[in-house]
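Quick one: sequence and predicted model below, then my questions.
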Amino acid sequence: MAKNNKAPKKNTDIVLIGAGIMSATLGILLKELDPELTIEIFERMDIAAAESSDAWNNAGTGHSAFCELNYTPELEDGTINTDKAVKIAESFEVSKQFWAYLVQNKQVRLPESWIHKIPHMSFVWGEKNVSYLKKRYAELQKYDLFNGMEYSDDINKLKEWIPLIMEGRDVSEKLAATRMDIGTDVNFGALTRCIFNHLQTLPGVTLNFHHEVRSLKQKDSVWEVKVKELESGDKRKVRANFVFIGAGGGSLPLLLKSDIPEGKGFGGFPVSGQWLRCKNPEIIEKHDAKVYGKAPVGSPPMSVPHLDTRMIKGKKELLFGPYAGFTTKFLKNGSVLDLPLSIKAANLVPMLAAGIKNIPLTKYLIDQVRQSPEDRLEALREFFPEAKLDDWEIEIAGQRVQVIKKDPVEGGILEFGTEVVNSQDGSIAALLGASPGASTAVSIMLNLLKLCFKDRFQSEEWQNKLKTMIPSYGKSLAKDPALLDDMRRWTSDVLGLQYTETTEKVY
């Protein structure tokens, strides 16, 4: 029999692995840019957004760098670095524009189920921290993105802003806070499901639940994806021109299985989390803000403590945390073998090097796991001095896998951010890492399109469509205050966020 040397035919144009906010964002962007594309989505769980994108598994903060102090580190010379804060603030504005476009075009339902206006605040105590916050505030005032931020170290003003936090507090200690009224609470799980509900109505899109991707192999420029249907045990192969691995903590093992050179040397450091969830309605009603503090020395950025008003399934909730912990699982519903099975010859040195340099972090995470309820209460009382253990219960948060990558000097470094890893030919890409993640999903996926769909991305057709979906596309909101104000007014009107331009205030 003659050997068939023809390249395998594709079954679909695009495969998206994982039904979270990243795959949803990429899927809807691609279908808007090219409605003819066919897309298959594979998800292990029985619903979309069951892992990192779920409301209980992430902070729900529309990360805009208004309140997150880890985005504005103080340097050795005492100055404040705002580079990351400005980038994140602008990226969140881009996300809001795309969401407003989807709402206006009736592609997702009205936003009251997934986005709400809520003040974003930073709160600190102690002379050193108050000095830092005041310097941070002054530095951020150089950017119109932070127009409207208020600063106060006045006790009466703080009692007005955060009455619950000020109840029973020793006011002889130096205290200070900043406040941004245009902050948001975002239920990324609800938003993700809204987007997938629309995607499933479009021709050429198939969403497969209870499907696990077992392997990936490129053959003659086409990716062969082996998938197992978990309920029946049936296996099949899907061939696609492009594969996106957006499986949260599960992305790293799949990236390693793809065997692309760009993925070699990457490792992962899993971090778990827990919340304290308030179950006393009277206490919940006394607090109406997302209040972030400073992370303990040696803790990962995802452990920045915050007392957090949330809206989940139409109900007001109050969370405190997250309390970090160590686990070898890469997903909340993963396996304890995830970490050991991810260790390969190519990433062994980077992982060992990063591990040795981060022994204090590992110790911190293990200590967090061993905390008693009384230990957790003590941390809560730094924010809410009159807290009582009976009013709170444990809620398990999601898993995060921080990126470990090769470094020519250090051998391996641990990074706390998000990173897109793509093949040279642009046929496959994976998203690794965590914060700020979901809030900047649109900017992250635009960058992915630029890397992986180079020719089409630069075409006049795609460029014009991008400017329709994101009116500020190609322009700097950080450098154009009039455009920024126009965009905030438009997105706030469409998303029901009641934007009013204000000037900075110091009390």
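Noted; the coordinates are in hand. None of the values given here were measured: they were computed from a predicted structure.

Quick check: closest non-adjacent residue to the residue nearest in space to the middle of the chain.
Residue closest to the average C-alpha location in the chain (Cα atoms, centre = their mean): Gly437, at 2.3 Å. Nearest residue to Gly437 in three dimensions, chain neighbours excluded: Thr418, at 5.8 Å (Cβ to Cβ, 6 or more residues apart in numbering). C-beta here means a position set from N, CA and C on the backbone, and glycine is covered the same way.

So what's the gap between the longest helix along the chain and the chain middle?
What stands out as the longest helix in the chain, according to DSSP state H, is helix 83-104. Between the centre of helix 83-104 and the centre of its host chain there is 13 Å, according to Cα atoms, centre = their mean, to the nearest Å.

tally of neighbours for Lys257?
16 (other Cβ atoms under 10 Å).

gap between it and Arg109?
37 Å (Cβ to Cβ, to the nearest Å).

what's the answer for Ser91, then?
From Ser91 over to Arg109 the distance is 24 Å, taken as Cβ to Cβ.

which of those two has more neighbours?
Taking neighbours as other Cβ under 10 Å, Ser91 and Arg109 compare with Ser91 leading, 23 against 16.

wait, isn't the more buried one in contact with Leu446?
No: taking contacts as Cβ atoms under 8 Å, Ser91 lies outside contact range of Leu446: 9.5 Å.

where exactly do the helices run in the stretch 101-250 of the chain?
127-140, 155-161, 163-166, 188-199 (DSSP state H, counting those that start in this stretch).

could these go into a markdown table alongside distance to Arg310 and mean neighbour count?
What follows is the helices of the stretch 101-250 of the chain, written out as a markdown table (distance: least, Cβ to Cβ, whole Å; neighbours: other Cβ atoms under 10 Å):
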| stretch | distance to Arg310 | mean neighbour count |
| --- | --- | --- |
| helix 127-140 | 24 | 18 |
| helix 155-161 | 18 | 16 |
| helix 163-166 | 15 | 20 |
| helix 188-199 | 11 | 24 |
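
Export only the CA atoms of stretch 180-193, formatted as PDB.
Presented in PDB, the C-alpha positions along stretch 180-193 are these (Å, rounded to 0.1, in the frame of the first residue of the first chain):
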ATOM      1  CA  MET A 180     -11.000  56.100  44.600                       C
ATOM      2  CA  ASP A 181     -14.800  56.200  44.100                       C
ATOM      3  CA  ILE A 182     -14.700  54.900  40.600                       C
ATOM      4  CA  GLY A 183     -13.400  51.500  41.600                       C
ATOM      5  CA  THR A 184     -15.300  48.300  40.700                       C
ATOM      6  CA  ASP A 185     -16.200  44.800  41.900                       C
ATOM      7  CA  VAL A 186     -16.200  42.300  39.000                       C
ATOM      8  CA  ASN A 187     -17.700  38.800  39.100                       C
ATOM      9  CA  PHE A 188     -15.400  37.300  36.500                       C
ATOM     10  CA  GLY A 189     -17.200  34.000  36.700                       C
ATOM     11  CA  ALA A 190     -20.500  35.500  35.800                       C
ATOM     12  CA  LEU A 191     -18.900  37.600  33.000                       C
ATOM     13  CA  THR A 192     -17.100  34.600  31.600                       C
ATOM     14  CA  ARG A 193     -20.300  32.600  31.500                       C
END
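
Can you give the distance of that stretch from its chain's centre?
11 Å.

Repeat that for stretch 124-131.
28 Å.
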